[in-house]
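Visitor: got a predicted structure here, sequence first:
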Amino acid sequence: MAFLSNSRTTAWALFLMLFLSGCGSTGPTALSQLTGEWENRSDGEPRAQLAIFADSTFHVDLLAVEGIEANGRIDLEGNEITFINAEGTDDPSSDPRPGVYTYRVDGDRLSFQRVSDPLERRAQNLSLPWVRVGAE
């Protein structure tokens, strides 16, 4: 009887291992979906460009306001992204206070929904729809 019990335990353990190994994401990772160059537009003209890199850093250039750029890092957890500015060309773009957003990638389109962000300019720009550069 002990042999039968051990066989069932072994079979269940094997089943669970195979099942759980198949539960990993087979699609692109969150970071790989976000990696690349994005822009938001107003009246067909680019307003801002956002580059997200594979090392979890970003660069943003506000094209609508000449000379405003920022570099920083992103943290991803589930469907939330946190932007943390490391350096910028003015006080708001240099402000390291984090901005937390939910995000959604739908093909070549990216949208952000503010959870919390003390920086209004960043929040205003991220709330606009983004499209992958070269997609249109």
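Guide: Ah, there it is. Numbers count the residues shown, from 1 in each chain.

Visitor: how far does stretch 37-51 sit from its chain's centre?
Guide: Here stretch 37-51 shows a centroid-to-chain-centroid distance of 17 Å under the convention C-alpha atoms, centre = their mean, to the nearest Å.

Visitor: which stretches of this protein form helices?
Guide: Across the chain, reading from the start of the chain, the helices by DSSP state H fall at 2-21, 30-34, 91-94, 120-126.

Visitor: can you tell me which of the ones you listed has the worst average pLDDT?
Guide: Within those, the least confident segment by mean pLDDT turns out to be helix 2-21, at a mean of 42.

Visitor: how close does D61 get to S116?
Guide: Summarising the geometry, the distance separating D61 from S116, computed by C-beta to C-beta, to the nearest Å, is 24 Å. C-beta: built from backbone N, CA, C; applies to glycine.

Visitor: neighbour-wise, which of the two wins?
Guide: Neighbour totals were compared for D61 and S116, and D61 leads with 18 against 11 (other C-beta atoms under 10 Å).

Visitor: show me the contacts for the more buried one.
Guide: Shown here is D61, whose contacts under the criterion C-beta atoms under 8 Å, 6 or more residues apart in numbering are 48-49, 68-69.

Visitor: show me the two of these that sit farthest apart.
Guide: Across these, the longest distance by C-beta to C-beta is 11.5 Å; it joins Q49 and I68.

Visitor: now rank the contacts of D61 by neighbours and give me the top one.
Guide: A48 (21 neighbours).
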